[in-house]
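[1] model the structure of this input:
(chains A and B)
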There are 2 protein chains.
Amino acid sequence: MASTTEIGAAFAGATVVPHYRTLQINATRINATIEAACTWGNTPDGGMNRLAANEDDKRVRAWFIEETAKCGCTHKVDEMGNIFAIRPGENNTLPPIGIGSHLDTQPTGGKYDGILGVVSGMEVLRTIHENDITTYAPLAIVNWTNEEGARFPPAMLCSGVWGGAFTTEYAHSRSDASGITLRDELEAIGYLGHTPCSYEANPLSAHFEVHIEQGPILDAAESAAAVVQGVQSIRWYKVNVTGREAHTGTTPMDRRSDALLGAAEMIVATNDIVTKDSGLAARGGRATIAVINSLPQSINTIAGKLELGLDIRAPSDADVATIEQLCRRRFATISEKHGLTLNVDNFWVSPALSFDPRMVDCVRHSAQEIGCTMELVSGAGHDSVYTARKVPTAMIFVRCRDGVSHNPAEYSRPEE
Amino acid sequence: MASTTEIGAAFAGATVVPHYRTLQINATRINATIEAACTWGNTPDGGMNRLAANEDDKRVRAWFIEETAKCGCTHKVDEMGNIFAIRPGENNTLPPIGIGSHLDTQPTGGKYDGILGVVSGMEVLRTIHENDITTYAPLAIVNWTNEEGARFPPAMLCSGVWGGAFTTEYAHSRSDASGITLRDELEAIGYLGHTPCSYEANPLSAHFEVHIEQGPILDAAESAAAVVQGVQSIRWYKVNVTGREAHTGTTPMDRRSDALLGAAEMIVATNDIVTKDSGLAARGGRATIAVINSLPQSINTIAGKLELGLDIRAPSDADVATIEQLCRRRFATISEKHGLTLNVDNFWVSPALSFDPRMVDCVRHSAQEIGCTMELVSGAGHDSVYTARKVPTAMIFVRCRDGVSHNPAEYSRPEE
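    All right, here's what the predicted structure looks like:
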């Protein structure tokens, strides 16, 4: 965590230059920049498929460096491929104030998730630059690598290394479905940098992140933006179920150990646990199974081996623990009923998080000036979860149509 | 269908040579031959993985030709790679009496399913040959290509072409998961023969098939073998479900179109339909989903696209139709509840079949001589389903341990 003195010093510059308040970003330009950032990896349905460290990610990184260089930025690329585009300030002994998010997407992603956050930082940079302002502390626009974790699980991997949640070695060794490691792919696209990936070696003074809400609350309330108070608790699990392969045509229904039938009952049970318990539902508990792999995948052989990916979330750690317990209990009962063996591995934990009160207050004042008074807890994890471990962090949510994200139909109105 | 005169003529030879009845097969040799046939494609768990027209299938085919040649057989390979090992009789103007099954296996298959049928034919051939007997009609031991359909769906593809159920062009064009066609693979392994694949061009007089029961009835009754009266009705379906990809962490539980949750409810409903209706259950109705493919397979993106493989069976066509109707109705209700779009494609139909009464009677007499009086309807499809369209056909079921098949643990005792 940066010391209070450091933060105070970094912010001091802003408060003594009142004309900062009159600066306006250029809404047309920000939307054009989003389109430009989506030149690589866009899909015919209007969405994005730009998995971390692939060829399209390489191209958008080159564009990001070229564009930010036009505003006087120099660049640091760290060992995880995180890019820091740094514009000097008056006092360059201070760590930069960061504005960051990610340019990678889900395989069926949209044009806003992550991209809007980086582009917003670029717009702030351009507005400051064209008004010929020198900030007190330097400014860093950050592109964090592999936030989605869609190619190299888990999510927020490289902000996680910077924030001390994972070691560089662990993150380098994460591999995609074809067995290629993140380190090898970063090297292949030319973004295996030399700057050590850590707050201590390459500090920021603070981290701001603009992100689409990815939920329907702002859209329903017809509010353009919201202050984010924190991020909900998240845990991920790998669930393995083993039954017995047998012929579908000859094996009586009551003599089967059908792993897919068991898994199907677990999926239904998982949904029931959070929708049929009025307390958990009201407190925002969520549980989803979205990954399933079944073997041997032959229409006339009963499935013998199943793997599921389970995602549990709630604003409180206690509710996540309760949902986990209920899932474990129901899964065990289902397995026993069908003669299946079960293994549940909780491979990732991200506890509930409250952002720095002073930073949240800073966002709150700005939001109120444009008439936005809503405050939310984020349902999704973000790079800010890990920067918050080291530096004062805050987030701003922008309304997105129908609350849709991780989908090509993801959309935020230009006026927002 | 072969004419009665032809069949009468083909059988005539047997009935006038009474000492045939005293012939005994060699149980030790038949078991050694099964082991030899499993030299290629066996797995460390004691099972088999020999998909149709792969390199292991090529090797076992060469062995089959070499071994049957030792008993005076010549060979015909047809356009679908079916191999007819023909030992001449007294009257070679008659079509051969066929004994056949298949040497391909499931990816998680055992050493008996199909293999036992071909090896039993080889043992009959060897016994006749070593006793220096010339049968009246010629004898053909047949290895049918791709019976399992595990690599090139549907099942029983090449006996199906011979029996007129599919065209050669259709069967040649069937492709595996990597897009390679059966025709190309047959050519690659050297078994794309020149004999036209049809009963008309390359007839048999009759078809016998020995097969493991693949069910637990004989094992429970401690009976070594059973007469097979016919084969139950089978239909296969591809079920496609489309929902909406969305973020697992931000999308409220009541605002989702979760295709995997819908599919899970369909899997549970399919099982309920045949297990909770006492009439269907008592009459042997079976319905199984053993194939599932979900997209985009990201732990924090709700599944948007699902494909299921549904297998419905019952001794009667009417019960299969009823199960199909109930599934369609339940699937539609589930889809509506979750806002999913649904498509159900019934891509294969194999109606209930009764084998030729005279052939069944012939097997019945032999079975009774060794004290086996059980009679069964086959739950699985077999090559005999399609030979029965053209020539008198009968099957013999052999007990298998615990009724297990399509599993490495598949086992029949040597004494059976």
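[2] now do stretch A:49-62, average pLDDT.
    Averaged across stretch A:49-62, pLDDT comes to 98.
[3] mind listing what's buried along it?
    A:Asn49, A:Arg50, A:Leu51, A:Ala52, A:Ala53, A:Asn54, A:Asp56, A:Asp57, A:Lys58, A:Val60, A:Arg61 (16 or more other C-beta atoms under 10 Å in any protein chain shown). Quick note: C-beta positions are derived from backbone N, CA and C, even for glycine.
[4] got a list of what the closest residue to A:Ser101 other than its chain neighbours touches?
    Distances taken as C-beta to C-beta, 6 or more residues apart in numbering or on different chains put A:Gly117 closest to A:Ser101, at 2.4 Å, once the chain neighbours are dropped. Neighbour list for A:Gly117: A:Ile99, A:Gly100, A:Ser101, A:His102, A:Glu209, A:Val210, A:His211 [criterion: C-beta atoms under 8 Å, 6 or more residues apart in numbering or on different chains].
[5] next one: A:Ala314
    A:Gln232, A:Ser233, A:Leu280, A:Arg283, A:Gly284, A:Gly285, A:Arg286, A:Val320, A:Ile323.
[6] and these, which of them are in helices?
    Counting by DSSP state H, the contacts of A:Ala314 place A:Leu280, A:Val320, A:Ile323 in helices.
[7] which of these are buried, as a PyMOL select command?
    With 16+ other C-beta under 10 Å as the criterion, this PyMOL line picks the buried residues out of the ones in helices among the contacts of A:Ala314:
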select buried, chain A and resi 280+320+323
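[8] can you tell me which of the ones in helices among the contacts of A:Ala314 are up against chain B?
    Counting by C-beta under 8 Å from any C-beta of the partner chain, nothing from the ones in helices among the contacts of A:Ala314 sits close to chain B.
[9] what segments of the stretch 101-250 of chain A are strands?
    Assigned by DSSP state E, counting those that start in this stretch, the stretch 101-250 of chain A shows strands spanning A:139-143, A:206-212, A:225-231, A:233-242.
[10] return the member of the contacts of A:Gly117 nearest to A:Gln297.
    Using C-beta to C-beta, A:His102 comes nearest to A:Gln297 of the contacts of A:Gly117, at 33.7 Å.
[11] I'd say that closest one and A:Val118 touch.
    Yes - at 6.9 Å, A:His102 counts as touching A:Val118 under the criterion of C-beta atoms under 8 Å.
[12] between the two, which contacts overlap?
    A:Asn143.
[13] show me the helices in the stretch 201-350 of chain A, by range?
    Secondary structure of the stretch 201-350 of chain A (DSSP state H, counting those that start in this stretch): helices at A:217-221, A:259-275, A:278-282, A:317-338.
[14] the second one vs helix A:317-338, what angle?
    Using axes from the mean of the first three to the mean of the last three C-alpha atoms, to 10 degrees, one finds that helix A:259-275 and helix A:317-338 are set 150 degrees apart in direction.
[15] against which helices or strands is helix A:259-275 packed?
    strand A:233-242, helix A:278-282, strand A:286-295, strand A:305-314, helix A:317-338, helix B:259-275, strand B:286-295 (3 or more C-beta pairs under 8 Å, 6 or more residues apart in numbering or on different chains; DSSP states H and E).
[16] worst average pLDDT in the ones you listed?
    If you rank the helices and strands packed on helix A:259-275 by mean pLDDT, helix A:278-282 sits at the bottom with a mean of 89.
[17] from the chain's centroid, how far away is it?
    Taking C-alpha atoms, centre = their mean, to the nearest Å, one finds the center of helix A:278-282 at 25 Å from the center of the full chain.
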